[in-house]
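Colleague: how would this look folded up:
(one chain, ligands or ions: 1)
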Amino acid sequence: MLERPALGAGRAVPFAGVPHDLQVSLAELTRRRSRIEHDDALAPVIRVLLAPGDERPLRDVLEPWLREQARAAIQRRVELRGRELGIVPTRLAVRDQASRWGSASRRGTLSFSWRLVLTPPAVLDYVVVHELAHLKIFGHGPRFWALVRRHVPGTDAARRWLREHESDLRAALD
Ligand SMILES: [Zn+2]
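Modeller: Below is the predicted model of the structure:
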């Protein structure tokens, strides 16, 4: 495996499918909490302003922020696509699922990996539609795939993208 720089030392972090420069600096002395800003105005940047006294490793500062962004992005997508499919999940969970990007339970709960916020929006969209579709059709039979493909013509490309990038996504903050 290739050597790669540590987080915060010039390594890009993927966000919505775009590599973002990670800029880390010290916040004003009066700041009690670290802050993260996302800025795409000139170039894609994630700016981390560390509060004095915040001694967490960078990944522990970044991950909660990425989880919040993931929850917001996934929630918006679930609402929009849920309306199209006529499905309202009973509960939405965002976690770090070890082996899956999303899952659906028969009680109507949808769970997603926060790492989907690292992927291109079309990939996140596909996973959302996939899990919503399971609330109509459990299992991966032909009827299930027909429903998913009707709503996401780029289904095969999204699945391929996830397969090809899975290990990068898992290691994005390592
Ligand atoms: Zn499935």
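Colleague: tell me the contacts of Leu7?
Modeller: 13, 22, 58-59, 62, 173 (CB atoms under 8 Å, 6 or more residues apart in numbering). (Each C-beta comes from the backbone N, C-alpha and C, glycine too.)
Colleague: Which of the residues you listed are buried, as a ChimeraX select command?
Modeller: Remark: buried members of the contacts of Leu7, expressed as a ChimeraX selection using 16 or more other CB atoms under 10 Å:
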select :13,22,58,62,173
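Colleague: Just name the closest of the contacts of Leu7 to Glu164, please.
Modeller: Taking CB to CB as the measure, Val13 is the one of the contacts of Leu7 closest to Glu164, at 18.3 Å.
Colleague: Is Gly17 in contact with Arg115, as I believe?
Modeller: No: if you go by CB atoms under 8 Å, Gly17 and Arg115 don't touch, sitting 11.9 Å apart.
Colleague: what about the two, which has more around it?
Modeller: The neighbour count for Gly17 versus Arg115, taken as other CB atoms under 10 Å, is higher for Arg115 (23 against 15).
Colleague: Is it correct that the more buried one falls within a strand?
Modeller: No: going by DSSP: H, G, I helix; E, B strand; the rest coil, the assignment for Arg115 is helix, not a strand.
Colleague: ok, now which ones touch it?
Modeller: Residues counted as contacts of Arg115 (CB under 8 Å, 6+ apart) are 70, 96, 101, 169-170, 172.
Colleague: try 6 Å this time
Modeller: For Arg115, the contacting residues are Leu169, by CB atoms under 6 Å, 6 or more residues apart in numbering.
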